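Trainee: I would like the atomic coordinates for the input below:
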Amino acid sequence: MSALTEALNRILHWLQQYSPNAISGFAPGLPLVEIETKLSQLPFRVSQEVYELYQCRNGNPYDGVFVYHRLLDLDGALEYAAAINKSYWREVREQDGDPQYLFPVLDFDGEYFAVPGGDASSPHTSVFHIGCDDGSLSLAFTSLTNMMLAIAECYETGIYTHINGDLEVADVVRFGEVRRKYNPDTVAALYADGW
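Mentor: The predicted structure is shown next:
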C-alpha cells in the first residue's frame, strides 16, 4: 500500500469513528481505466497521485474533510479544470512564473487545492492553493501524499477535530507546523491567521 493510500485510510478511519456523517458522503473509487479515459481528455497530464486518489475515492460533497475543502468528484474536477485553465488564466500564470495548467482536486467556495499539469505524468507533484478572491497561487504542499499525511496527523493528534457537528481546525498554529513538517519549502502560512 502506498503512503498516499495509507494516509487516506487513516483519515477515513478517523472520520468513521468521530464524524460518520462526513464519511458517508465519500463515493467509491473509480476503475483505473475510467480515470485514464476521462483524464486523457485534458490538454496536459497530471501526476500518478491523482489517479491513485480517484481509485481510492471519487469525491465527497461534505465541506471540511480536507482543510475546510471537499474532495471533488472526477467529473466535477474536470469541469473546474476547464474553467481555471482558460487561456487568460494560463497567460497570467505563465507571466508570474507559475504552472500554466492546474487540476483542482479540492474545493471550497471557489478556493481550490490543485496540482499542476505538464507534458508528462510524474509520480508526485506539488499542490497549490488557489485563492478565491484573486486566483493567486501559493505552494501549499510538496505532494498530494504529503498533504494527506499532514491532514491524517492533524486528525489523529486533535488539531483537526469534530466540533458542534462540523469538522474544524482546532489549532491553526499547530496545523501550520504539521503542514510545514511534511512540506518544507512551502509558504509559511496559507491564511493570515498562521496556518
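
Trainee: tell me where the model's unsure across the chain.
Mentor: By pLDDT under 70, the low-scoring segments of the chain are 87-88, 133, 192-195.

Trainee: using CSV, list the CA coordinates for the helix ranked longest in it.
Mentor: What stands out as the longest helix in the chain, according to DSSP state H, is helix 3-18. Provided in CSV are the C-alpha atoms of helix 3-18 (Å, rounded to 0.1, in the frame of the first residue of the first chain):
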residue,chain,number,x,y,z
ALA,A,3,1.9,6.2,1.6
LEU,A,4,-1.0,8.2,-0.1
THR,A,5,-3.5,5.3,0.2
GLU,A,6,-2.3,4.7,3.8
ALA,A,7,-2.8,8.4,4.7
LEU,A,8,-6.3,8.4,3.1
ASN,A,9,-7.2,5.3,5.0
ARG,A,10,-6.1,6.9,8.3
ILE,A,11,-8.3,9.9,7.6
LEU,A,12,-11.2,7.7,6.7
HIS,A,13,-10.7,5.6,9.8
TRP,A,14,-10.8,8.8,12.0
LEU,A,15,-13.9,10.0,10.2
GLN,A,16,-15.6,6.7,10.7
GLN,A,17,-15.0,6.9,14.5
TYR,A,18,-15.7,10.6,15.1
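
Trainee: how far off centre is that helix?
Mentor: The gap between where helix 3-18 is centred and where its chain is centred comes out at 15 Å by C-alpha atoms, centre = their mean, to the nearest Å.

Trainee: stretch 45-62 too?
Mentor: A distance of 9 Å separates the C-alpha centroid of stretch 45-62 from that of its chain, computed with C-alpha atoms, centre = their mean.

Trainee: what's the span of it from first residue to last?
Mentor: 27 Å (C-alpha to C-alpha, to the nearest Å).

Trainee: now do stretch 151-161
Mentor: Terminal residues of stretch 151-161 lie 11 Å apart, using C-alpha to C-alpha.

Trainee: contacts for it next, please.
Mentor: 7-8, 10-11, 14-15, 18, 66-67, 167-171, 174-175, 178, 182 (C-beta atoms under 8 Å, 6 or more residues apart in numbering). (Each C-beta comes from the backbone N, C-alpha and C, glycine too.)

Trainee: for stretch 56-75, same thing?
Mentor: Stretch 56-75 has contacts (C-beta under 8 Å, 6+ apart) with 4-5, 8, 11-12, 15, 21-22, 25-30, 35, 38-39, 53-54, 76, 80, 104-108, 111-113, 147, 151, 160, 166-169, 175, 190.

Trainee: ranges for the strands of the chain?
Mentor: 70-71, 101-108, 111-117, 127-130, 137-141, 160-163, 166-169 (DSSP state E).

Trainee: for the fifth one, list every residue counted as buried.
Mentor: Residues 137, 140, 141 are the ones in strand 137-141 that count as buried (16 or more other C-beta atoms under 10 Å).

Trainee: can you list the strands of the chain in JSON lines and add distance to residue 84?
Mentor: Putting the strands of the chain into JSON lines (distance: least, C-beta to C-beta, whole Å) gives the following:
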{"stretch": "strand 70-71", "distance to residue 84": "16"}
{"stretch": "strand 101-108", "distance to residue 84": "6"}
{"stretch": "strand 111-117", "distance to residue 84": "7"}
{"stretch": "strand 127-130", "distance to residue 84": "7"}
{"stretch": "strand 137-141", "distance to residue 84": "11"}
{"stretch": "strand 160-163", "distance to residue 84": "26"}
{"stretch": "strand 166-169", "distance to residue 84": "25"}
